[in-house]
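Visitor: Pasting a predicted model and its sequence here:
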Amino acid sequence: MQRLGSLLLKSSEVIQGLRFYSQGIRAIQDLDLLKILQSEINHELTSKPPAQGDESGSLLDFVLEWDSPKTQDVVLRKKSESGEEVAISALLRGQSFEPDGEFPPATDVKMKVCIKKPGLRSILLFDCEVSNRGEDKSGFNIQNAYYIQSASCLSPSVYRGPLFSDLDPQLQDELKKYLEARGIGESLLNFLLLRLGKKEQSQYVNWLQKLESAFRESD
């Protein structure tokens, strides 16, 4: 009986020792993770964001209507003397890490352009893709062009027009010139690339800091 009690005592001590060992390993792993997080935060805070086209890009006569730190998009708007309204919504497309752990420069932006004529309920909607073409140049391509009878006619079953790529090439070119005449040009596109690139980096740093805080609180 005494021998059995001694064996049970030794087993309990072994289990306790293994538990302490496991806790020690976990504490070391958590500490390593915190160090890596802190290193990444410091790197992001001290490094300059990658260049996004010509940094002299500007809003022109647009107004920055929406740029919340909690969302990925920005919204620009302007109203001409004739009463025509132009609204732009833009956000970065999904990005992935480079092999060295860096975010690539913002070179791919999804942009929607809505144009409303005065006195009309109809809206022209363009789905566009903005890209940084290197050497401080940026440009855009139209992916889709829609005619929407009114804001209440947004059902996916409503016919909005053919595929943009199916349109006559000359018509495609003229529709692009139509947008360019309304200020959708290189200067504005450079502004969007730069603004969204900085926004992405700021949100990434904020996410890292929240992650670091969560691991600190769990210690």
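Guide: Cool, got the structure.
Visitor: Low-confidence ranges, the chain, go.
Guide: 1-30, 48-56, 94-107, 134-136, 151-154, 217-219 (pLDDT under 70).
Visitor: Centre-most residue in it?
Guide: residue 92 (3.9 Å; Cα atoms, centre = their mean).
Visitor: Is it correct that that residue is in contact with residue 109?
Guide: Yes. Counting by Cβ atoms under 8 Å, residue 92 does reach residue 109; the two are 5.8 Å apart. Backbone N, C-alpha and C define where each C-beta goes, glycine included.
Visitor: Just grab the bridge partners of residue 142 for me.
Guide: Judged by DSSP bridges, the bridge partners of residue 142 are residue 128.
Visitor: Share the number of residues neighbouring it, please.
Guide: Neighbours of residue 142 under the rule other Cβ atoms under 10 Å: 21.
Visitor: quick one: it from residue 199, how far?
Guide: 24 Å (Cβ to Cβ, to the nearest Å).
Visitor: Also residue 60?
Guide: Distance from residue 60 to residue 199, by Cβ to Cβ: 19 Å.
Visitor: got it, and residue 110?
Guide: 14 Å.
Visitor: and for those two, which residues touch both?
Guide: residue 92 (Cβ atoms under 8 Å, 6 or more residues apart in numbering).
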